[in-house]
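Enquirer: Here is a sequence with its predicted model. Questions after.
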Amino acid sequence: MSAAEEQMQQLRSQATVLLLREEWGDSIHLYSQLIDVCQARISNTNQDPNPDPDHLSKLNKSLCIAFSNRAEARSKLQDFTRALQDCDGALRIEPTHFKTLYCKGKILLSLNRYLNALDASKQLYLTPGTGSFDLSDWVLNGLKGMPPELAEYIGPVVVKRGILGGQDSAENAQLVMWKNFIDKVKETVTKCQETQLLINMLSTGEDEVDLEVPAVSAKVLGKNSDFYGIGLWILASFINHSCNPNARRLHVGDYVMVHASRDVKAGEEITFMYFDTLSPFEKRAEMSMSWGFNCNVADASLKELRLEEGMKRWAVRGKGKGYLRASYWPAYAEVYGSDRSMKRWSRQIPKMEAIVDSVVEVGKRKRGIEGCCRWIEEQRWCSGIR
Ligand SMILES: C[S@@+](CC[C@H](N)C(=O)[O-])C[C@H]1O[C@@H](n2cnc3c(N)ncnc32)[C@H](O)[C@@H]1O
């Protein structure tokens, strides 16, 4: 190994250690040195009448990673302008560099530049060869055998090929999937006017210029106050609801991203909330029924959600604890109702009326008397109190 190569290797490993230790300032310093060395060597190699392409490609790769890592460190220090310049430096060398695109998207999102963030994430998800993990083979094989090894993988997961129809070619399978899908939609639409209305409102993704917030289907937002947003996301639609989920959804424009909200064990089913599990009991039951399943809220609240344990862990104290318990009042009643211990709980769980009054007080202070009346009505309606 030449002295120059040795110097580069040393710089690289020291900078990586600092990055992993989250010592951002020092790692930026070392990455800057590494970038200088890389650039000098690239320019020397280019002056060679017969440059070695392998050598050049290795140097460019090192330079790209150094830019990308310095961008990460700078973004952690909120030096977004220079972090973006570093991202662009890395992307000039490798336009589909996964980590850089991801970092750029996150920086743009922090800067509230949603449209640009959307562009960066589109490249991340749509450009072939960006490292997205394709589950098509496993899905087309009927989910048989061991699932692909994903425990260590960080990045997008896609099912590029359709799950219905023949396996002759990817294109064929996809066409069959779309045909079946369209047939099903057409059939449903003829039977149900409400569905027809909803489907007509789906975004085509063309009106994104007006997008102001990083949420929901762009076309729907703000144009019809009855709907917060609707859309069809094929992969996400495989995910079931849980009152104690391990993932969350994030909508950016017409894209839905699912990310873990806590550590997920290997083989554990991914779930997210379809509705707010802290909304009043009746509301939750109603929502789960509207999804066509009977979420056993009592069970979920005291067994699955382990509300009491959760509150200890999250250090929920005082009134907040009482309000949370009140939100699950029927669940407590169901579990402890026949027991004498319910007496103990009844002292600790405020009555719904007490909560509504307290919320009204906050509302008065926050919104002034004017907006308050409608709000009180809403709260009463939501809590099932009239
Ligand atoms: C978006 S899909 C979820 C994926 C669906 N289970 C599948 O296999 O395609 C929503 C439907 O899944 C079912 N589902 C979702 N979460 C559930 C749960 N916690 N318990 C029972 N059924 C659930 C309901 O039938 C619901 O209408």
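Expert: That came in fine, so what should we check first? Numbers count the residues shown, from 1 in each chain.

Enquirer: What residues of stretch 52-64 count as buried?
Expert: L59, N60, S62, L63, C64 (16 or more other C-beta atoms under 10 Å). Every C-beta, even on glycine, is put in place using the N, C-alpha and C of the backbone.

Enquirer: where does the stretch 151-300 of the chain dip in pLDDT?
Expert: For the stretch 151-300 of the chain, applying pLDDT under 70 flags the ranges 151-156, 158-181, 198-232, 234, 251-255, 277-281, 295-300.

Enquirer: The stretch 1-150 of the chain now?
Expert: 1, 122-133, 139-150.

Enquirer: quick one, strands of it?
Expert: Shown for the stretch 1-150 of the chain, the strands assigned by DSSP state E, counting those that start in this stretch span residues 133-134.

Enquirer: and the stretch 101-250 of the chain, which residues reach the ligand?
Expert: Within the stretch 101-250 of the chain, the residues that sit near the ligand (C-beta under 6 Å from any ligand atom) are S237, F238, I239, N240, H241, S242.

Enquirer: Now the last one: closest residue in space, sequence neighbours ignored.
Expert: Nearest residue to S242 in three dimensions, chain neighbours excluded: T271, at 3.5 Å (C-beta to C-beta, 6 or more residues apart in numbering).

Enquirer: who's that neighbour bridged to?
Expert: N240 (DSSP bridges).

Enquirer: so who does it touch?
Expert: I239, N240, H241, S242, P245, N246, A247 (C-beta atoms under 8 Å, 6 or more residues apart in numbering).

Enquirer: do you know how far it is from T188?
Expert: 25 Å (C-beta to C-beta, to the nearest Å).

Enquirer: which among the buried residues of stretch 52-64 gets closest to S32?
Expert: The nearest member of the buried residues of stretch 52-64 to S32, counting by C-beta to C-beta, is L63 at 12.1 Å.

Enquirer: thinking that closest one is in contact with I42, fair?
Expert: Yes - in this structure, L63 is within contact of I42 by C-beta atoms under 8 Å, at 6.8 Å.

Enquirer: Was I right to think D26 contacts L18?
Expert: Yes - judged on C-beta under 8 Å, D26 makes contact with L18 at a distance of 4.8 Å.

Enquirer: contacting residues for the closest residue to E72 other than its chain neighbours?
Expert: Nearest residue to E72 in three dimensions, chain neighbours excluded: C103, at 5.5 Å (C-beta to C-beta, 6+ apart). By C-beta under 8 Å, 6+ apart, the contact set of C103 is S68, A71, E72, S75, A83, C87.

Enquirer: would you list these in JSON lines and tack on neighbour count and distance to the ligand?
Expert: Rendered in JSON lines, the data for the contacts of C103 read as follows (neighbours: other C-beta atoms under 10 Å; distance: C-beta to the nearest ligand atom, whole Å):
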{"residue": "S68", "neighbour count": "25", "distance to the ligand": "36"}
{"residue": "A71", "neighbour count": "29", "distance to the ligand": "36"}
{"residue": "E72", "neighbour count": "23", "distance to the ligand": "35"}
{"residue": "S75", "neighbour count": "21", "distance to the ligand": "34"}
{"residue": "A83", "neighbour count": "24", "distance to the ligand": "37"}
{"residue": "C87", "neighbour count": "28", "distance to the ligand": "35"}
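
Enquirer: Including distance to D137, could those residues go into CSV?
Expert: Formatted as CSV, those follow (distance: C-beta to C-beta, whole Å):
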residue, distance to D137
S68, 30
A71, 34
E72, 33
S75, 36
A83, 37
C87, 33
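
Enquirer: Looking at the residues you listed, which are in helices?
Expert: Here DSSP state H is the test, and the contacts of C103 give S68, A71, E72, S75, A83, C87 as lying in helices.

Enquirer: Tell me the spacing between C192 and the ligand.
Expert: 15 Å (C-beta to the nearest ligand atom, to the nearest Å).

Enquirer: To clarify, my last question referred to D119.
Expert: D119 is 28 Å from the ligand, by C-beta to the nearest ligand atom.

Enquirer: again with F98
Expert: For F98, the distance to the ligand - C-beta to the nearest ligand atom - is 28 Å.

Enquirer: Can you give me the neighbour number for that residue?
Expert: 19 (other C-beta atoms under 10 Å).

Enquirer: same question, the one 3 residues further on
Expert: Neighbourhood size, L101 [other C-beta under 10 Å]: 26.

Enquirer: tell me the contacts of the closest residue to F80 other than its chain neighbours?
Expert: In space, and not counting its chain neighbours, F80 is closest to I107: 5.3 Å by C-beta to C-beta, 6+ apart. Residues near I107 by C-beta under 8 Å, 6+ apart: A71, S75, F80, A83, L84, C87.

Enquirer: before we move on, what about A83?
Expert: R70, A71, E72, R74, S75, C103, I107.

Enquirer: who's in contact with the third one?
Expert: With contacts defined as C-beta under 8 Å, 6+ apart, E72 is in contact with L19, A83, K99, C103.

Enquirer: Surely S62 and M8 touch.
Expert: Yes - at 6.7 Å, S62 counts as touching M8 under the criterion of C-beta under 8 Å.

Enquirer: Quick check: neighbours shared by these two?
Expert: L34, C38.

Enquirer: mind checking pLDDT for V335?
Expert: V335 is assigned a pLDDT of 65 by the prediction.

Enquirer: With that, I have no additional questions.
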